[in-house]
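*Asks:* The following comprises the amino acid sequence and a computationally predicted model.
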Amino acid sequence: MTESRGSIFGGSPHPNDEELMAYLDSELAPAQLETVRAHVDTCAVCQAELSSLQQVLASVQRVRDSHVTEERALQSDDKVKQFRARLDQHIQERHPAPTNIPLIREPRTMSWSLASLLRYRMPILASVVAFALVVATTLTLRETTASADVLLTRSEQRDAALPSSSNQVSRSVLNIEVLDANTGQQQALSEYVLLADSHAQQARLQSESQGQFAGEWVADGHLLWGDLSLKAFGATNYFDQALLRYMQQQNFFPDASATQFRKLLERRGSTETHVRKSNDSYGLDYTFAVNHPSGIRNAVLWLNKKSYDPFQMSIYTANGSSAKEYRITRTSHVFEQRTPEVTALLAAPSHSTATPPSSSASSPSAALPLKYSQISARPSEVRATQLLHQLNACLGEEVYVYPMSDGTALIQGLVQNNRRRTALMNALAQADSSIHPEIYSPEQLNSNVHLLPPPYDDSNIALSANKADSAVQSTDLSSRQIAFHDELLTSFQNAGESAEQAEKSVAAFSTELSALAEKLLLNSWALEHLNTEFSASRTAQLPQSDLDILNSLRQDHRQQIRDIVQRQLALLSRILPPTAASRVSGIKPSSPRELLDLAQEQEKLVRALFTASQQNVAKSDGFLRLVEILHLLKTD
Amino acid sequence: MSIRDYPRRRSPVGQEPVQTGHVEGEKDLRARLLELYASSRPALLSYIRQLVRSTAEAEDIVQSAFLKTFDLAQEQQIDNLRAWLYRVAHNLAIDALRRRKLQENAVSEWVYTKPSETSPSAEESSINRQTVERALSLLNDRERSCLLLRAEGLSYSEIGQVLEISAKSVSVYLARGVKKVRSES
């Protein structure tokens, strides 16, 4: 038992903090749960630590509960009513009411009522008009006073609701006009295409017009919008210098977005706002302080009335007698996939042919991980998978291969301890430059480390969690004994071992058999993973040499499975009844999924029958089924 | 051999997810969201308030999260509505924090979160509460969120969904958070 414990805890005599934590919350896999429980049951140090962890968690829970209790006490029906009103307004805005409600209804059969109405038509009409005027004024007042800030916040929230996925970039087409604010005459006009990736903090601006400002500018890495403004407009007399300085200071870029608009307003030095209304839009008009250093008098962001999508921003400046309007119009705003081409566009300007090699080389930080469903398998991915296979990191460790948008592969994962991490990093450092390893140990995790979610949905591969297992394991374990203890003991004693020696042999037998069972399960799991990662649809375009590599990996797992099964059968032959071998009637697995199911069943049976567990498995039936499964796996 | 995290590292454990099964009609969804709002608002509000430290803003964020969820649930099936709501609200809160750059003075404002006035329980427990709140304020965002979301009854996998990290990372942050709280209290 001591041997098994040492190896499972990675050389440490005790489970580590996160294992204890997950153990407390029943978030460990059944096999680990049992191992940790077996240790904790007998270890005073861990018991004390668990109790201390529980106390801290309970105090946090109490704080949370008291917050919620207070909140509940304060919650009135009004809160729910208020939300209901907001939700209904929201629903209504999604489906605007029909505008052409018929004004003339079918005449009623009771003609006296129509006649009486007609008699008093003038006073009625006057009342209706007066009422309508009052309502219209009230509504106007409500809308205009309620809400420049509220509307802006809604628009911002809409921005925040847009795809924040790392695989999306936004492409806006912007018209930037300068008008004489007094005469409305156009003084300049340019069209720009803005490609922005808020996730990677990159943007590229390209002038598409044939006018004097043709060119392109890139803000790479940390999205210095203000610098981009300065680069794009600074060398011209297009924007006033004072305005440009303010833009740079506020890190503002003239895009008709709520986020940019907010930056422009930050230091306006005034609190005056009002809402301008038109048929289908709101204009959020923010006044700036008198003699504001930027020269701005006021700025207006126009939103679509229904969707709150901003579509135009106007900045009005006054400088002496001249007054200008900078009108920025979004003529199109779409999200698109971040393809390798887009990545290249964002990484370096295409016209800069003399770019030094250091900046033209693709940097892993600029590339983004893609989901397997978005892209076919590539040779770099196969190589990364092969490397992980050679390092045995395919056997249950949380290490994934991410195809990146720039064609490289990222190997990222969290491993048990620093020693394992160093071993993996050293081995992976030998790989070519298309593979970037990022392996972490728990000590290294901090808020700067971002562990990516798996690149594909592996929830259906996860072995089914059996709640009954944990229920069984929570029973008192002090009386645990290996189900086949006596048979094994007799068998070792019959082979001439002393009683003491035979007990040790039984323990060693148990350790080896359960380790083999786990290894068999992990190999089957790795096989099913390969199947999912490199499905037929993803590998259609791979060259034959890569397909051969993948096949050799599969063969390797199958061979390991066969070897393990041989060894398990050899061990079990010690107590095998003569009839057992002939009873092989099951169906051989025809897919990795079925193989995995069988492997999972054998692992459970081994744990139930040959470790100190108290699973409810009928002893002889379970044993026969185990032998049957091993025979089915032997020739697979 | 190191510990293998093989079986159900990312499969949800604990609370059963709310299954919608299909994209719901507007009326049904409205009714269900209103019901969910009435029942989960206190907990969600309390969580978000601890991130943004402003009741008014937290209220708005919680409502906005429900509205966003309403929109999305009409377009696609959401398997775990509760985890989804926490995720949307959490992201809105983080956006709000970034906008207001509130993190700089987070600690001082944290201390101002109102103490338990409604419960006349022992002074000792109030002191304990303040100590724990102070200790929580010293954690980094991930550790604090993991601890608070765990207290909300979310499984590791659900917490992972909210914070967009793996379930294994959740256990690491939790363990670290607990240790820090312990050393501060």
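*Replies:* That came through, no problem.
*Asks:* The residue nearest to residue A:434 when sequence neighbours are not counted: how many residues sit nearby?
*Replies:* Leaving aside its chain neighbours, residue A:434 sits nearest to residue A:380 (4.3 Å; criterion: Cβ to Cβ, 6 or more residues apart in numbering or on different chains). All C-beta spots, glycine's among them, are computed from the backbone N, C-alpha and C. Residue A:380 has 22 neighbours, counted by other Cβ atoms under 10 Å in any protein chain shown.
*Asks:* Residue A:380 and residue A:435 touch, don't they?
*Replies:* Yes: the criterion here is Cβ atoms under 8 Å, and residue A:380 meets it with residue A:435 at 6.2 Å.
*Asks:* residues shared between the contacts of those two?
*Replies:* Both residue A:380 and residue A:435 are in contact with A:408-409, where contact means Cβ atoms under 8 Å, 6 or more residues apart in numbering or on different chains.
*Asks:* what's the single longest strand in chain A?
*Replies:* The longest strand of chain A (DSSP state E) is strand A:322-337.
*Asks:* need the strands for chain A, in chain order.
*Replies:* Going by DSSP E, chain A shows strands at A:168-180, A:186-197, A:202-207, A:216-219, A:273-277, A:281-287, A:296-304, A:310-319, A:322-337, A:398-403, A:409-414, A:435-440.
*Asks:* Show me the beta-bridge partners of residue A:207.
*Replies:* Beta-bridge pairing for residue A:207 (DSSP bridges): residue A:192.
*Asks:* Look up how far residue A:176 lies from it.
*Replies:* 10 Å (Cβ to Cβ, to the nearest Å).
*Asks:* cool, and residue A:240?
*Replies:* 14 Å.
*Asks:* Those two - which one has more neighbours?
*Replies:* residue A:176 (24 against 19).
*Asks:* so who does that one touch?
*Replies:* Taking Cβ under 8 Å, 6+ apart as the test, what residue A:176 contacts is A:189-192, A:254, A:326-328.
*Asks:* same thing but 6 Å
*Replies:* By Cβ atoms under 6 Å, 6 or more residues apart in numbering or on different chains, the contact set of residue A:176 is A:190, A:328.
*Asks:* Could you check how far it is from chain B?
*Replies:* From residue A:176 across to chain B, the span is 25 Å (Cβ to the nearest Cβ, to the nearest Å).
*Asks:* Tell me what that residue is bridged to.
*Replies:* residue A:190, residue A:328.
*Asks:* Look up the pLDDT of it for me, please.
*Replies:* In this model, residue A:176 is scored at 87, pLDDT.
*Asks:* about what we covered before: surely the residue nearest to residue A:434 meets residue A:409?
*Replies:* Yes: counting by Cβ atoms under 6 Å, residue A:380 touches residue A:409, with 4.1 Å between them.
*Asks:* What residues sit buried inside the longest strand of chain A?
*Replies:* Residues of strand A:322-337 classed as buried: A:323-330, A:333 (neighbour count, 16 or more other Cβ atoms under 10 Å in any protein chain shown).
*Asks:* And for stretch A:549-564?
*Replies:* Buried residues in stretch A:549-564 (16+ other Cβ under 10 Å): A:549-550, A:553-554, A:556-558, A:560-562, A:564.
*Asks:* what comes into contact with it?
*Replies:* A:382, A:386, A:389, A:516, A:519-520, A:523, A:526-527, A:530, A:534.
*Asks:* Could you report the neighbour count for residue A:76?
*Replies:* Neighbour number of residue A:76 under other Cβ under 10 Å is 9.
*Asks:* Distance check, it against residue B:43.
*Replies:* 17 Å.
*Asks:* now residue A:533
*Replies:* As for residue A:533, its distance to residue B:43 is 38 Å (criterion: Cβ to Cβ).
*Asks:* Read off the pLDDT value for residue A:109.
*Replies:* 37.
*Asks:* Find the residue ranges of the stretch 501-636 of chain A scoring beneath the pLDDT cut-off.
*Replies:* In the predicted model of the stretch 501-636 of chain A, residues A:577-586, A:613-616, A:636 satisfy pLDDT under 70.
*Asks:* Alongside chain B, which residues does it contribute?
*Replies:* Residues of the stretch 501-636 of chain A lying near chain B by Cβ under 6 Å from any Cβ of the partner chain: residue A:525.
*Asks:* likewise the stretch 1-150 of chain A?
*Replies:* A:7, A:10, A:17-18, A:21-22, A:27, A:29, A:53, A:56, A:59-61, A:63-64, A:66-68, A:70-73, A:75, A:80, A:83-84, A:86, A:90.
*Asks:* Count the residues that sit near residue B:31.
*Replies:* 12.
*Asks:* what's the helix or strand for it?
*Replies:* helix B:26-52 (DSSP states H and E).
*Asks:* Quick one: mean pLDDT over the following helix or strand past that helix.
*Replies:* Using DSSP H and E, the helix or strand that directly follows helix B:26-52 along the chain is helix B:55-75. Across helix B:55-75, the average pLDDT comes to 88.
*Asks:* Next, the distance between the ends of stretch A:290-298.
*Replies:* Its start and end residues considered, stretch A:290-298 measures 10 Å (Cα to Cα, to the nearest Å).
*Asks:* What is the distance between that stretch and the centre of its chain?
*Replies:* Relative to the mean C-alpha coordinate of its chain, stretch A:290-298 is positioned 43 Å out (Cα atoms, centre = their mean, to the nearest Å).
*Asks:* in it, what's buried?
*Replies:* Buried positions in stretch A:290-298, judged by neighbour count with 16+ other Cβ under 10 Å: A:292, A:294-298.
*Asks:* How about stretch A:597-613?
*Replies:* A:597-600, A:602-613.
*Asks:* Also stretch A:60-77?
*Replies:* Quick answer for stretch A:60-77 (16+ other Cβ under 10 Å): A:60-61, A:63-64, A:66-68, A:70-71.
*Asks:* same thing with stretch A:311-321?
*Replies:* For stretch A:311-321, by 16+ other Cβ under 10 Å, it's A:311-318.
*Asks:* Would you mind pulling the contact partners of that stretch?
*Replies:* A:181, A:256, A:295-302, A:324-330.
*Asks:* re the thing from before, how about the buried residues of stretch A:311-321, which pair is most distant?
*Replies:* A:311 and A:318 (24.8 Å; Cβ to Cβ).
*Asks:* Domain ranges for chain B, per the record?
*Replies:* With automatic domain parsing as the criterion, the domains of chain B are listed as B:17-113, B:123-185.
*Asks:* can you tell me which of those domains the model trusts least?
*Replies:* Looking at the domains of chain B, the weakest mean confidence is domain B:17-113, a mean of 78.
*Asks:* from memory residue B:88 sits against residue B:67, does it?
*Replies:* No: the pair residue B:88 / residue B:67 is not scored as a contact, 9.5 Å apart, by Cβ under 6 Å.
*Asks:* where do the strands sit along chain B?
*Replies:* Under DSSP E, chain B gives no strands.
*Asks:* quick one on the thing from earlier: give the buried residues for the helix holding residue B:31.
*Replies:* B:29-30, B:32-34, B:36-37, B:40-52.
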